[in-house]
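Trainee: coords below, sequence missing:
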DNA sequence: GTCAACTACTTCTATATAGAAGTAGTTGAC
DNA sequence: GTCAACTACTTCTATATAGAAGTAGTTGAC
């Protein structure tokens, strides 16, 4: 859908072509997060378009969450506000339902594996990297995660030192691989803890757990990651905003 | 936030004032779902605004989901596509995870009651109507619901014949009371079936259930409805789209 | 040094205008 | 009667222009 490299479709209206051109320049890393883009006047001169058309193109990117405007100051490349937006990707509340906080993560293992059939189909390849993690809140394990990403798309991930992996993976995807997670689908159900998860969670094998299966997508619609997380059913909280 | 009656703020830019004026006319029922609004030219003449400004106002309402444009044909009041959008408000999948379908509903009881404290706070009144329902899929009960709405805002709801209540309540809110549910927040957790729910669901009292607490909001941000639904944990599926 | 005024920007609102693109019903040749 | 052409609309794209509103750094009076 959204061209990431060249390939601007000349049949598209001018404002969409400019949007694509700008999106490509952003993807290429020409500007860092927080940098200002050229002003509307400059862009309009550079691309031989009226300011109105330029504004329409940038507005698109604002709507898509890539840019940010500040009247009088400029139009800026948005730093993906992971600390804020990622709450929406990690929607477990703390036990008492109070304000959510980002849980700590500890890596259990990383390995290049052949994807399970269903995962391979979603990611479009069966050469995948599997990451196992435990997430804890106040030193208490709350989620055991199994994460799969394409080994090609994330080449070199396995050699990133654990110390460089923060509590959140999506900023790593963005900073190290330029891959932005734009949306995700969570599927929830209840189940029973398999042995491995039970151990990580400190519960008994077969105890009731919440199971969250998530597929995360890039802005262009391709699946970036598939994961399944399990947590003690007794302490599980999940919030979903619907609109 | 969004004025529903008069009270157009003259300090707002013209396009927002027009948006508010149109929103008020829509809320007043001047046009039915599917009706065409006056054309951009007519609106621009009527309101002494340029077509560009008119387009900006209507575009807002398109973005808010109230209008729909069809090039060459007109701009239309959107019929709230409850059959489609309401999936997003009822996100349980069928047992096998296949395509969701709208479950049947049967009314258990309706009564004017004093709201439980937490509910009263959310709805802003403790004079509420309580509706109890059971939702079934293929004649099998899957959810027991307790629903609360403001008795004032929904005056007369208790006398709507049951036959006029379809499987979905939000269209009733819209058609009979002009109240559009624009977004909602679901809070999920696990629990155990209280006696009343267990009976409705055909499970044993104390059996594990999924508990979904929902607060539904009108476009102006006020809470319209609060409900809690319980379903057999074994058969529970929930899908959440995050962006 | 303080800080108000100024300057040179920026984005934002609004207008008027021209023509492209699309729709839906009517006209009229056959 | 069929159906292509036409007509009178509609929304949509794009331009040029003017000035308002807001920002951020500099200048200069005190």
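Mentor: Done, it's in. All figures in this text were calculated on a predicted structure; none of them were measured in a lab.
Trainee: Name the SS class of residue A:179, please.
Mentor: coil (DSSP: H, G, I helix; E, B strand; the rest coil).
Trainee: OK, contacts around it?
Mentor: Neighbour list for residue A:179: A:153, A:154, A:173, A:218, A:224 [criterion: C-beta atoms under 8 Å, 6 or more residues apart in numbering or on different chains]. C-beta coordinates here come from the backbone N, C-alpha and C atoms, glycine included.
Trainee: and after the helix or strand bottoming out on mean pLDDT in chain A, which helix or strand comes next?
Mentor: Using mean pLDDT, DSSP states H and E, the weakest-scoring helix or strand in chain A turns out to be helix A:82-85, at a mean of 45. Moving toward the C-terminus from helix A:82-85, the first helix or strand encountered (DSSP states H and E) is strand A:104-114.
Trainee: Would you mark the buried spots in that next one?
Mentor: A:104, A:105, A:110 (16 or more other C-beta atoms under 10 Å in any protein chain shown).
Trainee: Report pLDDT for the most centrally placed residue in chain A.
Mentor: Central residue of chain A (C-alpha atoms, centre = their mean): residue A:181, 2.7 Å from the mean position. We have a pLDDT of 81 for residue A:181.
Trainee: mind checking the backbone torsions on it?
Mentor: The phi and psi values for residue A:181, taken as degrees, to the nearest 10, are phi -80, psi 120.
Trainee: Spit out the contact partners of it.
Mentor: Neighbouring residues of residue A:181 by C-beta under 8 Å, 6+ apart: A:89, A:170, A:173, A:174, A:216, A:217, A:218, A:224, A:225.
Trainee: what pLDDT, on average, does the helix or strand that the fourth one is a member of get?
Mentor: Element membership for residue A:174 (DSSP H and E) is helix A:170-177. For helix A:170-177, mean pLDDT is 80.
Trainee: mind listing which of the contacts of residue A:179 are in helices?
Mentor: Mapping those onto helices (DSSP state H) picks out residue A:173.
Trainee: Next one: the residue nearest to the centre of chain A from DNA strand C, what distance?
Mentor: Distance of residue A:181 to DNA strand C, given as C-beta to the nearest atom of the strand, to the nearest Å: 26 Å.
Trainee: returning to that earlier point: for the contacts of residue A:181, which one is nearest residue B:125?
Mentor: Distance to residue B:125 across those (C-beta to C-beta) is lowest for residue A:89, with 35.3 Å.
Trainee: May I see the contacts of residue A:181 arranged in JSON lines, with neighbour count as well?
Mentor: Shown next, in JSON lines, are these (neighbours: other C-beta atoms under 10 Å in any protein chain shown):
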{"residue": "A:89", "neighbour count": "18"}
{"residue": "A:170", "neighbour count": "21"}
{"residue": "A:173", "neighbour count": "22"}
{"residue": "A:174", "neighbour count": "16"}
{"residue": "A:216", "neighbour count": "23"}
{"residue": "A:217", "neighbour count": "18"}
{"residue": "A:218", "neighbour count": "18"}
{"residue": "A:224", "neighbour count": "24"}
{"residue": "A:225", "neighbour count": "27"}
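Trainee: just for chain A, where's the confidence low?
Mentor: A:1-8, A:80-103, A:219-220, A:243 (pLDDT under 70).
Trainee: residues in it within reach of DNA strand C, list them.
Mentor: Along chain A, the residues adjacent to DNA strand C under the rule C-beta under 7 Å from any atom of the strand are A:37, A:39-42, A:51-52, A:55, A:69-75.
Trainee: In the beta-sheet assignment, what are the partners of the nearest residue to residue A:227 once chain neighbours are set aside?
Mentor: Leaving aside its sequence neighbours, residue A:227 sits nearest to residue A:147 (C-beta to C-beta, 6 or more residues apart in numbering or on different chains; 4.2 Å). Counting by DSSP bridges, residue A:147 forms beta bridges with residue A:131, residue A:227.
Trainee: Residue A:147: what's it in contact with?
Mentor: If a contact means C-beta under 8 Å, 6+ apart, then residue A:147 has A:130, A:131, A:132, A:133, A:169, A:225, A:226, A:227 as its contacts.
Trainee: of the contacts of residue A:181, closest to residue A:60?
Mentor: The nearest one, if we look at these relative to residue A:60 and count by C-beta to C-beta, is residue A:218, at 17.1 Å.
Trainee: doesn't residue A:182 make contact with the closest one?
Mentor: Yes. Applying C-beta atoms under 8 Å, one finds residue A:218 in contact with residue A:182, separated by 6.0 Å.
Trainee: Scan the contacts of residue A:147 and report the most crowded one.
Mentor: Highest neighbour count within the contacts of residue A:147: residue A:225, with 27 neighbours (other C-beta atoms under 10 Å in any protein chain shown).
Trainee: Can you tell me how far that residue is from chain B?
Mentor: Applying C-beta to the nearest C-beta, to the nearest Å, the value for residue A:225 to chain B is 13 Å.
Trainee: One more: residue A:207?
Mentor: From residue A:207 to chain B the distance is 11 Å (C-beta to the nearest C-beta).
Trainee: Around that residue, how many other residues sit close by?
Mentor: Counted with other C-beta under 10 Å, residue A:207 comes out at 15.
Trainee: Next: residue A:50.
Mentor: 13.
Trainee: That one and residue B:197: what is the separation?
Mentor: The gap separating residue A:50 from residue B:197 is 62 Å, by C-beta to C-beta, to the nearest Å.
Trainee: what does residue A:26 give?
Mentor: Separation of residue A:26 from residue B:197 (C-beta to C-beta) stands at 51 Å.
Trainee: Which one's more surrounded, these two?
Mentor: Ranked by neighbour count (other C-beta under 10 Å), residue A:26 and residue B:197 place residue B:197 first, with 27 against 21.
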